[in-house]
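Student: Turn this into a structure:
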Amino acid sequence: MELRDYQIEAIEAAIAFFENSQKEEHGLIVVPTGGGKSIIQAYLIAKLLEQKPNIKICCVTHNKHLIEQNFKNFHNITKNKYLLQSGIFSAGLNQKDTNAQILFAGIQSIFRHITNLPVYDIILVDEAHLIPKDSGKMYKSFFHKAFLINPNVKVLGFTATPFRMDSGLLTDKPNNLFTDIIYDIPIKKLIAQGYLSRPVSYNCDKEINENLKNIHVRAGEYVLEELTMLMSQDERMEKTAENIFNFTKKKKKVLIFCCSIEHAEKMKKHLHRFHHSVEVIHSLSPNSDKIIKNFRENKIKYLLNVNMLTTGFDDREIDCIVMLRPTKSPGLYYQMIGRGFRIHENKSSFLVLDFAGNIATHGAIDSIRIIRKINGKKGEIYFSPVKTCPSCKNEIAISYKQCPECGYEFSNEQEIVKHDVAPSNLDVLSKMPELPKWVDVADVKYKVYKKEGKAISTLQVDYYAEYGIKIATEWICLNHSGFPKQKAVGWLYRRLTPEAKENYSINDCMYVSIPTFFSLFLEKGFIKKPTQILVDFLEKYPKVLNYKFD
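Tutor: Numbering: from 1, shown residues only. Got it, this is the predicted structure:
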């Protein structure tokens, strides 16, 4: 399997993070649903084993299907090379391997038994947004024991949503495990490059948001009993079922999210009036696995679910998502829509039918509104997960303390400034840009850039087309620390010639600074020049997205 460019970048960022982060720093990799987090994780483990054959890694998640998927992906990629060194610890899969060097585990099974397992060097957490704010009983116990056993253990989380189901960024202090987002890739970029399917939405119930004002909120979410009464009104359900059928006549796989078991069972009966192929799964369903199998095999068109298929469910042919479950959680909203992001030859986009008012509540999927707490008090609504760097004008994750593009350092006041573009309350995706363009590069010029009043220099890289026409500029932070440095190291290593890579590893690149060592690399001919760059010209300043080398 050939890795995509952003997957390579994520792996390089993780390797650099493990090699250079401080003792109590733990990172997050943010990749949209459908972007291949499981593949990134598998290749990362394989890379770590190549570098340190005796390294011990524990991969933790909450769902047996994810555990099995991650285990299989790792062995498919490594062609079963590490089959004897790896294992599974999951009651749901009836396996409890206690000696595995590479362990894929369910948090429900492992949190009581970590003291009986090998001492792990690295813990990878899939679906990291599910770690509760206070770490929860299971995760809290697990990490408490893990840090006692090995105070130097490093934790890396994988998620599509760097905020919790009950709001709040995963990197917000003081009680969060994660300290930094070490890599993230925007949804719209992956859609523009053809790696994700594009959502097309309809706001189907114009009155629902007014109705929801009468529903009480408990622990940050709508009270389930009241929500069920609202969504299960006969007249509402009759109209909803008819609309779902009319909108989806040409669709093949429709995944429907309901708010309760009672609601789902009633909606199943209403949909049966229009189509024979309707099923429902929830916590009391005796044959959930069989139903999911039939859905995958196109034997079921409409599949209703309650809290079963929001994470860890992968079916590329889903071409319609129906939200019948209103939620206050931006994470749950994202995860519901995310089930349709995966690309498939049978679809160019997927339909989102919002009968729950979620788009109006949370905004476009690529700029979700969340509530942040500032100094212990709830702040205003912010458009997450991006903010604009005042120096290079790039949009970056809101939790960055330092811009990964130019190294600009944010103060606390600057970090909480609202994003200046509000998302549509009707469109599930904010305005889609034109596709970035590949441009031929005739020349590349490097110079040291130092902002007035700043002590640290940055490498300014200018790309030129024929006749000296400037295409774009990027800033490489070789003299910085943290994520900007890690990204700069990845940028540099990709440019090294084969001769240079024989003598310099990616770890050696951590010690390359400007102007001295970088100038030496240029003089020795160790730096390759890209023949083409992929440029997004719709940014305020043209932004380089990718490179091609001969």
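
Student: distance of the residue of the chain most remote from its centre from M323?
Tutor: Note on the chain: the largest C-alpha distance from the chain mean falls to Y467, namely 40.9 Å (Cα atoms, centre = their mean). Distance, Y467 to M323, using Cβ to Cβ, to the nearest Å: 52 Å. Heads up, the C-betas are built off the backbone N, CA and C, glycines and all.

Student: How is this protein divided into domains?
Tutor: 5-185, 198-362, 437-548 (automatic domain parsing).

Student: Mind putting these into JSON lines with distance to E409 and mean pLDDT?
Tutor: Below are the domains of the chain laid out as JSON lines (distance: least, Cβ to Cβ, whole Å; pLDDT from 0 to 100):
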{"stretch": "domain 5-185", "distance to E409": "14", "mean pLDDT": "87"}
{"stretch": "domain 198-362", "distance to E409": "27", "mean pLDDT": "91"}
{"stretch": "domain 437-548", "distance to E409": "8", "mean pLDDT": "86"}
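
Student: Export those domains as JSON lines, with columns for distance to S430.
Tutor: Formatted as JSON lines, those follow (distance: least, Cβ to Cβ, whole Å):
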{"stretch": "domain 5-185", "distance to S430": "14"}
{"stretch": "domain 198-362", "distance to S430": "11"}
{"stretch": "domain 437-548", "distance to S430": "13"}
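
Student: Can you say which of those domains is nearest to V428?
Tutor: domain 198-362 (3.7 Å; Cβ to Cβ).

Student: and that closest one, how far apart are its ends?
Tutor: When the termini of domain 198-362 are compared using Cα to Cα, to the nearest Å, they are 18 Å apart.

Student: next one: that domain to chain centre, how far?
Tutor: 22 Å (Cα atoms, centre = their mean, to the nearest Å).

Student: again with stretch 42-61
Tutor: That offset, for stretch 42-61, works out to 20 Å (Cα atoms, centre = their mean).

Student: In that stretch, which residues are buried?
Tutor: Using 16 or more other Cβ atoms under 10 Å as the test for burial, stretch 42-61 gives 42-46, 48-49, 55-61.

Student: same question, stretch 251-271
Tutor: 251, 253-268, 270-271.

Student: Tally up the residues packed near N116, please.
Tutor: If you count neighbours by other Cβ atoms under 10 Å, N116 ends up with 10.

Student: re earlier: save the buried residues of stretch 42-61 as TSV, and put in distance to I365 too.
Tutor: Shown next, in TSV, are these (distance: Cβ to Cβ, whole Å):
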residue	distance to I365
A42	26
Y43	27
L44	26
I45	30
A46	32
L48	32
L49	36
I55	37
K56	37
I57	32
C58	32
C59	27
V60	27
T61	23
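
Student: of those, closest to E317?
Tutor: A42 (23.0 Å).

Student: ok, which stretches of the stretch 251-400 of the chain are strands?
Tutor: 254-257, 278-281, 302-305, 320-323, 349-354, 368-374, 377-384, 386-388, 395-397 (DSSP state E, counting those that start in this stretch).

Student: Show me the helices in the stretch 201-350 of the chain, by range?
Tutor: 208-212, 224-231, 234-247, 261-272, 288-296, 330-338 (DSSP state H, counting those that start in this stretch).

Student: whoops, I mixed them up, the stretch 1-150 of the chain
Tutor: 5-20, 37-51, 64-78, 107-110, 137-149.

Student: Am I right that the residue farthest from the centre of the chain sits in a helix?
Tutor: Yes - according to DSSP: H, G, I helix; E, B strand; the rest coil, Y467 belongs to a helix.

Student: Would you mind measuring from it to V444?
Tutor: Y467 is 15 Å from V444, by Cβ to Cβ.

Student: same check, this time on L303
Tutor: In this view, L303 and V444 are 52 Å apart by Cβ to Cβ.

Student: if you count what's nearby, which of those two comes out ahead?
Tutor: L303 (25 against 16).

Student: I figured the more buried one hits R296, correct?
Tutor: No - the criterion here is Cβ atoms under 8 Å, and L303 misses it with R296 at 9.9 Å.

Student: which ones are touching the most centrally placed residue in the chain?
Tutor: Closest residue to the average C-alpha location of the chain: A160 at 2.3 Å, with Cα atoms, centre = their mean. When contacts are counted by Cβ atoms under 8 Å, 6 or more residues apart in numbering, A160 touches V30, V31, P32, T33, G35, K37, H129, Y334, Q335, G338.

Student: for R495, same thing?
Tutor: I527, K528, P530, F549.

Student: What about it? Give its phi and psi, please.
Tutor: phi -90, psi -10 (degrees, to the nearest 10).
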